[in-house]
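1. Got a predicted structure here, sequence first:
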Amino acid sequence: RPGSMIRVPDATHNILKELANDTGEQMQDLLVEAVEAMRRRRLLELTNAAYAEMREDAAAWQDEQDERTAWDVTLADGLEAE
């Protein structure tokens with residue numbers, strides 16, 4: 001729903017207000033930016049955890065390395081860079 005309200009602690013609201021004053025951005029835009037940054041950070045954390053788990057399985061990790069090697073040859077496919 002556009003325009004939905006959320007409650008934040010007064011301290012958080014004050015920080016948002018200060019950031020908005022410092023940057024000239026709207027508080028809601030700052031919140032959108034913060035949530036997107038957190039979403040991206042979480043995605044990287046989950047990806048790193050998945051790779052760490054894969055490295056513990058020697059066969060799975062070798063499969064990953066083999067796939068990387070197979071894809072690496074496409075870098076020298078003779079096509080000019082755009």
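-> Everything's here; your move. Numbers count the residues shown, from 1 in each chain.
2. three-state assignment of Ser4?
-> In three-state terms, and counting by DSSP: H, G, I helix; E, B strand; the rest coil, Ser4 is coil.
3. Compute the distance between the residue minimising distance to the centre of the chain and Ala34, please.
-> If you average the C-alpha coordinates of the chain and look for the closest C-alpha using C-alpha atoms, centre = their mean, you land on Arg40, 1.8 Å from that point. Arg40 is 11 Å from Ala34, where distance means C-beta to C-beta, to the nearest Å. (Each C-beta comes from the backbone N, C-alpha and C, glycine too.)
4. Tell me how far the top helix by length along the chain lies from the chain's centre.
-> The helix that spans the most residues within the chain, counting by DSSP state H, is helix 27-55. Taking the mean of its C-alpha atoms, helix 27-55 sits 4 Å from the chain's own mean (C-alpha atoms, centre = their mean, to the nearest Å).
5. tell me the mean pLDDT for stretch 39-47?
-> For stretch 39-47, the per-residue pLDDT values average out at 98.
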